[in-house]
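**Q** Just a sequence and a predicted model for now, questions to come.
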Amino acid sequence: MDLNILIILGIAIFCGFFVQTLIGFAGSLIALPILLFAVKLPDAIAFISIFYLFSSAFMVHKEWKNIDKDTILRLTLTSVIGVVLGIIVLTYSKPAILQTGLGIFILLYVSYVVLGKTELAIGRKTNWAFGVMGGFFSGVFSTGGPLYVISVKNSVQEAKTFRATMIGVLALVTLIRIPALSISGVLDLDHVKMSLIILPVFFLAQFLGTKLFPKVNEVQFKRILLFLLCLSGVALIF
């Protein structure tokens, strides 16, 4: 077992899931660029997916009463379609161009929110498309969060409900992704063994993120959201 991989895995999971617990998404957007210093993309996706499963079990139980269930149901079918398509691409192709495209799209969205004078409003059909794309990029890169942010933000405004609903959406995606990754051979027992060694680091990230969230106000929350979207967009491109 490579000590260098374990150290980088620990750093990536701590940083990613501290942010994930704090704002409800972006765990993979933070962890993925760090993990790619040590492992290949399919292995990085396998590790992130395992920790999303741990995170989902804890956070959904904790935030269940604040989750907008209608939004979760609306995104279920589209997410299933998207995740399956994404894992097919991950397994049988080299998706670097898609990664760059997602990064550019995220930066364009952040620019619109910062510079635009009106909130981006999307209709039912467009919302459906964002659900499929969110599932697709979750399957390919575990980074569908920003697309789900756009979709969820159209129906959920309050920071507490938005965060809880994003946690619920990503839990749904994880439940779809884990079996699909296992069947495709991307995720195996070695990934699980290494993840169990890093589990205490993950618990520490969850604890600190949960403690800090009540101290973040609405304005700070939106700024953090946009900053992390911007950061993730740049990381995906380069």
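**A** That came through, no problem.

**Q** alpha carbons only for contacts and neighbour counts from here, please
**A** OK.

**Q** Quick one, grab the pLDDT at the residue most central in space within the chain.
**A** In the chain, the C-alpha nearest the mean C-alpha coordinate belongs to Gly145, at 4.3 Å (Cα atoms, centre = their mean). pLDDT for Gly145: 74.

**Q** Arg223: neighbour count?
**A** With neighbours defined by other Cα atoms under 10 Å, the count for Arg223 comes to 12.

**Q** re earlier: isn't the residue nearest to the centre of the chain up against Leu170?
**A** Yes: using Cα atoms under 8 Å, Gly145 makes contact with Leu170 at a distance of 7.4 Å.

**Q** any idea which helix or strand carries Val169?
**A** helix 159-184 (DSSP states H and E).

**Q** what's the angle from the helix or strand that contains Gly135 to helix 159-184?
**A** Taking DSSP H and E as the definition, Gly135 sits inside helix 124-141. For helix 124-141 against helix 159-184, the angle by axes from the mean of the first three to the mean of the last three Cα atoms, to 10 degrees is 50 degrees.

**Q** gap between stretch 102-114 and the chain center?
**A** 16 Å (Cα atoms, centre = their mean, to the nearest Å).

**Q** right, I mislabeled it, should have said stretch 138-156
**A** The answer for stretch 138-156 is 7 Å, by Cα atoms, centre = their mean.

**Q** Under the pLDDT cut-off, which ranges of this protein? List them.
**A** 1, 95, 116-125, 218 (pLDDT under 70).

**Q** returning to what we had before: where's the helix holding Gly135 relative to the chain centroid, distance-wise?
**A** For helix 124-141 - counting by Cα atoms, centre = their mean - the centre lies 12 Å from the chain centre.
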